[in-house]
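In: return a 3D structure for these sequence lines:
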Amino acid sequence: MSEVRRKKVKELLQMEAGADVLAKGWVRTKRGNKEIVFIALNDGSTVRSIQIVADKNADTEPVLSRITTGACIGVRGKLVASVGSGQAVEIRAQELTVYGECDPVRYPLQKKDTSFEYLRTVAHLRPRTNTFGAVLRLRSQMAFAIHAYFHSRGFVYLNTPLITASDAEGAGQMFQVTTLDLNNVPKNKKGLPDFSKDFFGKQTSLTVSGQLEGELGATALGEIYTFGPTFRAENSNTPRHLAEFWMIEPEMAFYDIRDNMDLAEDFIKSLVRYALEHSREDIQFLNDRYDDGLIARLESVVNTDFVRLPYTEGIRILQAARDAGHRFEYPVDWGTDLQSEHERYLVEEHFKKPVILTDYPKDIKAFYMKQNEDGKTVRAMDVLFPKIGEIIGGSEREADLQKLEARVDELGMSRKNLEWYIDTRRFGSCPHSGFGLGFERLLLFITGMQNIRDVIPFPRTPKNAEF
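Out: Below is the predicted model:
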């Protein structure tokens with residue numbers, strides 16, 4: 001049997017009985033009696049395991065005794081029709097090999113109903129569970145779908161820097177990057193840290209967004225997108241926030257706000273459709289195990305036109321709901337930023353479909369958004385989803401040099417590190433738009449998971465940088 005090549009469990013479960021096969025993977029469960037042993041083997045290729053049936057006798061006992069839950073093994077045998085329920089085929093073992101034993105006492109994945117909170121403490125092992133195997137396969141499929149979507153439409157994939165001297169959001173919530181000796185920080189004449197002595201010769205941080213650099217690409221290449229990690233030093237311990245997360249940020253020359261909304265809606269529908277078509281098994285598992293409305297919710301998004309709603313009208317709807325007795329924890333007045341509870345009320349209770357909220361007050365939005373003629377609002381857009389709230393944020397960008405400069409000055413922002421960005425309005429400015437989609441927010445929706453820490457392999461949150 002040495003010429004038999006290993007097949008993945010996903011392939012084996014689709015084969016007809018009769019073939020000699022070789023499988024390798026990790027033991028999910030082991031049970032049996034004095035005569036026979038049943039082993040559930042999983043290799044990560046599918047949420048399902050394949051059953052291994054092995055006779056228990058004097059020859060097999062030495063190796064079977066070493067096989068416990070979590071052990072890594074190989075099995076050669078015959079693929080036969082299964083007499084049990086739950087699978088069409090199983091492997092009748094002829095040869096078992098143990099690659100890595102697993103201490104049955106110390107192995108942390110013994111209990112069937114282990115909490116997500118506990119699993120975060122063993123994030124190095126949680127991918128071996130059915131749930132996180134499904135989530136991480138979906139994450140991989142979605143990453144591929146994102147690249148495929150933009151590639152098929154002629155977008156250029158642009159790599160923007162992770163280390164930057166610019167705060168794209170103007171919020172100041174950035175992780176500083178330095179090689180200065182923190183025990184002996186050099187000081188300038190004002191007694192402040194002398195960043196001229198630092199590695200880059202200036203104060204630098206991890207990026208909060210690739211948007212500003214993305215705009216440079218769009219004003220040269222037409223349509224670009226970025227897809228990479230971003231960082232926010234925001235002390236938020238919520239189920240919707242991470243300190244390190246991934247962002248997809250397209251920027252498009254000659255797109256106005258309507259073009260931007262059209263692209264955002266088509267993009268996210270395309271991703272949901274791809275997930276349903278290519279990862280149905282994993283989605284079905286998550287639907288059956290955790291959220292029985294998941295598939296219906298995904299299908300409804302694909303088949304529904306998103307509502308396009310001005311912020312001012314959204315506030316009116318929320319105030320009417322409040323006046324009619326709906327209790328909101330946070331105030332709903334014109335000029336305030338909407339909280340998740342407000343966004344979800346509009347999506348889940350009032351319209352019962354995704355909403356694109358537009359024309360926000362300029363005072364609660366970033367400096368680069370195009371100002372409307374009323375002088376009070378900007379051409380911003382947020383895509384709001386059921387169970388999530390905001391999933392996409394974007395805008396038409398301010399293309400007018402004088403208006404952009406005035407807004408930077410109005411906010412008291414330092415122009416020292418922004419002149420290169422303002423240059424795009426000096427030299428051949430054009431109408432352009434873009435948006436950002438938080439990858440993990442998308443995955444929350446696709447998987448039905450409740451906490452953003454559970455859709456990224458190793459979550460980074462305040463006071464937590466394990467593994």
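
In: shaky segments in the stretch 1-150 of the chain?
Out: Applying pLDDT under 70 to the stretch 1-150 of the chain flags residues 1-2.

In: could you pull out the helices for the stretch 51-200 of the chain?
Out: Under the criterion DSSP state H, counting those that start in this stretch, the stretch 51-200 of the chain carries helices at the ranges 61-64, 116-121, 130-152.

In: winner for burial among the ones you listed?
Out: Neighbour counts (mean count of other C-beta atoms under 10 Å) averaged over each of the helices of the stretch 51-200 of the chain peak at helix 130-152, with a mean of 18. Heads up, the C-betas are built off the backbone N, CA and C, glycines and all.

In: for that helix, packing partners?
Out: strand 156-157, strand 223-231, helix 257-278, helix 280-289, helix 439-447 (3 or more C-beta pairs under 8 Å, 6 or more residues apart in numbering; DSSP states H and E).

In: can you give me how far it is from the chain middle?
Out: 9 Å (C-alpha atoms, centre = their mean, to the nearest Å).

In: other residues contacting that helix?
Out: The contact list for helix 130-152, computed with C-beta atoms under 8 Å, 6 or more residues apart in numbering, reads 28, 42, 44, 47, 119, 126-127, 157, 225, 227, 248, 250, 267, 270-271, 274-275, 278-279, 282-283, 285-286, 289-290, 439, 442-443, 446-447, 449, 454-457.

In: could I have the buried ones of the residues you listed as PyMOL selection syntax?
Out: One line in PyMOL is enough to select the buried members of these, burial here meaning 16 or more other C-beta atoms under 10 Å:
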select buried, resi 28+42+47+119+126+225+227+248+250+267+270+271+274+275+278+279+282+283+285+286+439+442+443+446+447+449+454+455+456
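
In: switch the helices and strands packed on helix 130-152 over to a markdown table; also include distance to Glu90 and mean pLDDT.
Out: Formatted as a markdown table, the helices and strands packed on helix 130-152 follow (distance: least, C-beta to C-beta, whole Å; pLDDT from 0 to 100):
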| stretch | distance to Glu90 | mean pLDDT |
| --- | --- | --- |
| strand 156-157 | 44 | 98 |
| strand 223-231 | 41 | 97 |
| helix 257-278 | 27 | 98 |
| helix 280-289 | 19 | 97 |
| helix 439-447 | 29 | 97 |
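
In: distance to Thr60 added to those, as CSV?
Out: As requested, the helices and strands packed on helix 130-152 are exported to CSV (distance: least, C-beta to C-beta, whole Å):
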stretch, distance to Thr60
strand 156-157, 53
strand 223-231, 48
helix 257-278, 40
helix 280-289, 32
helix 439-447, 40
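
In: what's the closest of the ones you listed to Thr97?
Out: Comparing the helices and strands packed on helix 130-152 against Thr97 with C-beta to C-beta, the closest turns out to be helix 280-289 (28.2 Å).

In: after that closest one, next one along is what?
Out: Going down the chain from helix 280-289, the next helix or strand is helix 294-302, by DSSP states H and E.

In: can you spell out which helices and strands pack onto that following helix?
Out: Packing partners of helix 294-302 (3+ C-beta pairs under 8 Å, 6+ apart): helix 257-278, helix 280-289, helix 439-447.

In: at 6 Å what do you get?
Out: If you count contacts as 3 or more C-beta pairs under 6 Å, 6 or more residues apart in numbering; DSSP states H and E, helix 294-302 packs onto helix 257-278.

In: how many neighbouring residues does Pro431 have?
Out: 15 (other C-beta atoms under 10 Å).

In: mind listing what it touches?
Out: Pro431 makes contacts with 254, 399, as judged by C-beta atoms under 6 Å, 6 or more residues apart in numbering.

In: same thing but at 8 Å, please
Out: By C-beta under 8 Å, 6+ apart, Pro431 lies in contact with 253-256, 396, 399.

In: for the helices and strands packed on helix 130-152, which one sits closest to Leu418?
Out: Once those are compared by C-beta to C-beta, strand 223-231 is nearest, at 18.5 Å.

In: contact partners of that closest one?
Out: With C-beta under 8 Å, 6+ apart, strand 223-231 has contacts from 143, 146-147, 150, 153-160, 162, 174-175, 206-211, 213-214, 217-218, 243-253, 439.

In: filter those residues down to the buried ones.
Out: Neighbour counting over the contacts of strand 223-231 (16+ other C-beta under 10 Å) leaves 146, 150, 155, 158, 160, 174, 206-211, 213-214, 217-218, 243-253, 439 as the buried ones.

In: among those residues, which lie within strands?
Out: 206, 244-253 (DSSP state E).

In: any chance of those in CSV, plus pLDDT and distance to Ser65?
Out: Putting these into CSV (pLDDT from 0 to 100; distance: C-beta to C-beta, whole Å) gives the following:
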residue, pLDDT, distance to Ser65
Leu206, 96, 50
Glu244, 97, 43
Phe245, 97, 45
Trp246, 98, 44
Met247, 97, 50
Ile248, 98, 50
Glu249, 98, 54
Pro250, 98, 56
Glu251, 98, 60
Met252, 98, 63
Ala253, 98, 67
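
In: most surrounded residue in the contacts of Pro431?
Out: Glu396 (26 neighbours).

In: so that one sits in a strand?
Out: Yes - the assignment for Glu396 is a strand, going by DSSP: H, G, I helix; E, B strand; the rest coil.

In: return the residues in contact with it.
Out: Glu396 touches 255-257, 260, 369-370, 379, 431-433, counting by C-beta under 8 Å, 6+ apart.

In: out of these, the closest to Ser300 would be?
Out: Of all these, Asn260 has the smallest distance to Ser300: 23.2 Å, by C-beta to C-beta.

In: for Asp363, give me the pLDDT.
Out: Here, the pLDDT recorded for Asp363 equals 94.

In: tell me the SS of Leu346?
Out: Following three-state DSSP, the label given to Leu346 is helix.
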